[in-house]
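*Asks:* how would this look folded up:
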Amino acid sequence: MDRDLLIASLAATPGLLRLLTDDLSADLAVRPPKPGEWSVAEVVRHLVEGERDTFLPRLRRMLAEERPVFESQDRGAARDGLDLTALVAGFESARSDVVGVLRGLEPAGWARQGVSPSRGAVTVEGYAATMAAHDTEHLQQIHQVRSALGLRPKRTEARVALPLAEIVAAIQPVPEKILAIRQGLTPPQLSQRPREGEWSMKEVMAHFLKVERDVFLLRLQRIVTEERPRFQPFDADAWAAERDHREGDFGADWREFAGARAETVAFLKGLAPAAADRIGLSGFFGPVTLAQYATHIVDHDIEHLAQLEACRAVVAR
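*Replies:* Purely as a prediction, here's the structure:
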């Protein structure tokens with residue numbers, strides 16, 4: 001990963017962490033998936049302490065001293081509490097300092113070294129790359145804890161990209177899955193919000209259509225045809241506020257979505273294997289390969305199919 005992509009990846013992590021944790025109650029935040037395993041709050045505490053207490057001070061020493069030798073961290077030292085909101089804010093603050101330092105470096109700064117007790121001699125660039133990989137490892141861990149606790153999936157681009165053939169197999173049947181969930185419901189039920197502030201099934205269907213037609217396929221195409229295209233974040237809340245998406249016909253939205261999804265599937269099926277590694281730059285998720293972005297579609301489907309199921313359980317009573 002080159003330096004621009006590395007900085008973009010590091011800068012994206014606080015937002016991904018917020019996305020993964022913003023729906024957790026205080027109880028769920030500290031609940032381990034199994035006895036002896038870390039809760040989400042413990043994973044975030046590990047990220048905070050690694051960033052604020054290890055990486056950031058070592059980075060500063062590497063730039064101020066000639067090849068400093070770092071001591072092992074004292075694992076018995078007092079640790080942060082498990083207030084998830086405070087931990088996420090602490091990580092965001094420390095990572096902002098790190099990114100600010102890295103963005104100001106000249107090439108010679110990236111090459112400066114320190115000596116780690118676990119890794120030996122390491123450059124600033126090598127250490128930063130290690131921390132980006134560390135981010136991904138623990139974001140994936142939070143995914144796994146959420147799944148074990150039965151929480152709705154969140155998409156963060158953190159999970160390892162699926163092979164394109166597996167992505168196609170996962171996303172192709174989704175239109176039929178949507179039809180099965182809506183089976184037997186009346187138009188008023190499809191437009192009924194389960195709770196104040198939550199989307200109706202009709203609104204979820206309109207969202208499926210919007211992102212498939214105007215976001216997913218177009219961005220996949222740009223990743224293939226352009227060099228590192230940049231994408232602005234899609235603001236689902238702003239889209240929802242444009243108009244009342246409960247209006248209109250669920251079936252018409254579904255048919256248009258099914259056609260757009262067929263185009264996405266055909267596009268992915270037609271790609272050469274090397275296309276999976278092409279890169280785009282998301283304004284929210286940071287650098288993503290085509291395979292990672294396409295895996296995002298799988299995660300998005302899972303999230304909103306679960307949302308449809310939960311909505312049906314309320315409106316079909």
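
*Asks:* For the helix or strand of the chain with the lowest mean pLDDT, C-alpha coordinates in CSV please.
*Replies:* One helix or strand of the chain scores below all others by mean pLDDT, DSSP states H and E: helix 236-242, with a mean of 86. C-alpha atoms of helix 236-242 as CSV (Å, rounded to 0.1, in the frame of the first residue of the first chain):
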residue,chain,number,x,y,z
ALA,A,236,-28.8,7.7,3.6
ASP,A,237,-30.4,10.1,6.1
ALA,A,238,-30.3,13.0,3.6
TRP,A,239,-31.7,10.7,0.9
ALA,A,240,-34.6,9.7,3.2
ALA,A,241,-35.3,13.3,4.0
GLU,A,242,-35.6,14.2,0.3
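
*Asks:* mind listing what's buried in it?
*Replies:* Within helix 236-242, the residues scored as buried using 16 or more other Cβ atoms under 10 Å are W239. All C-beta atoms are positioned from the backbone trio N, CA, C, and that covers glycine.

*Asks:* ok, then the element right after that helix?
*Replies:* helix 250-269 (DSSP states H and E).

*Asks:* which residues sit against that following helix?
*Replies:* Residues from elsewhere that reach helix 250-269, judged by Cβ atoms under 8 Å, 6 or more residues apart in numbering: 164, 167-168, 171-172, 174-175, 178-179, 182, 187, 190, 201-202, 205-206, 208-209, 212-213, 216-217, 220-221, 294, 297.

*Asks:* mind showing which ranges of the protein have poor pLDDT?
*Replies:* Across the chain, the ranges flagged by pLDDT under 70 are 1, 74-78, 155-159.

*Asks:* Can you spell out the domain ranges of it, please?
*Replies:* Each domain of the chain is listed here as a residue range: 3-148, 164-315, per automatic domain parsing.

*Asks:* Export these to a markdown table and append columns for distance to K154.
*Replies:* As requested, the domains of the chain are arranged in a markdown table below (distance: least, Cβ to Cβ, whole Å):
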| stretch | distance to K154 |
| --- | --- |
| domain 3-148 | 5 |
| domain 164-315 | 7 |
